[in-house]
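Peer 1: no letters, just coordinates:
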């Protein structure tokens, strides 16, 4: 969805058997408009709000990637209120350093993404 948000192109991709990997409510809405109701893979965006979680759970998103225990608590609260199940994934930060541009580092201890590997 990030690389191609055009509804017409998305409809063609869906007809060819593609699924939709979404990171925001805007992408969720475009995916639904293109007919991806049963092929919604996941929501990845950090710091998801309760309304965003509600919309994703109502739409039946395949799974929600969580970044923290606070997000887990928020998903549980929304799912209980809606009386719906939500499938979850946990984005883990493995603290693996790479030699790349500082703005593209996502798996190091200092990165803002994921639950630290050492957290139990």
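Peer 2: Alright, I've got the coordinates. This structure is a prediction, so every number in the text was calculated from the model and none was measured.

Peer 1: show me where the protein has helices.
Peer 2: Secondary structure of the chain by DSSP state H: the helices cover 7-15, 25-33, 50-59, 69-82.

Peer 1: what mean pLDDT would you report for the third one?
Peer 2: The one in question is helix 50-59. For helix 50-59, mean pLDDT rounds to 89.

Peer 1: and if you look at the first one?
Peer 2: Along helix 7-15, the predicted confidence averages to a pLDDT of 93.

Peer 1: and stretch 56-73, what's buried?
Peer 2: Across stretch 56-73, burial judged by 16 or more other CB atoms under 10 Å covers 56-57, 59, 61-62, 64-67, 71. C-betas here are computed from N, CA, C, even on glycine.

Peer 1: need the helices of the chain in CSV with distance to residue 118, can you?
Peer 2: Below are those laid out as CSV (distance: least, CB to CB, whole Å):
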stretch, distance to residue 118
helix 7-15, 39
helix 25-33, 32
helix 50-59, 27
helix 69-82, 14
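
Peer 1: centre of the protein to the edge, which residue is at the far end?
Peer 2: residue 99 (26.4 Å; CA atoms, centre = their mean).

Peer 1: how near is that residue to residue 92?
Peer 2: In this structure, residue 99 and residue 92 are 21 Å apart, going by CB to CB, to the nearest Å.

Peer 1: quick one: stretch 81-100 to chain centroid distance?
Peer 2: Remark: stretch 81-100 is offset 8 Å from the chain centroid, using CA atoms, centre = their mean, to the nearest Å.

Peer 1: kindly report the same for stretch 70-85.
Peer 2: Relative to the centre of its chain, stretch 70-85 is centred 15 Å away, using CA atoms, centre = their mean.
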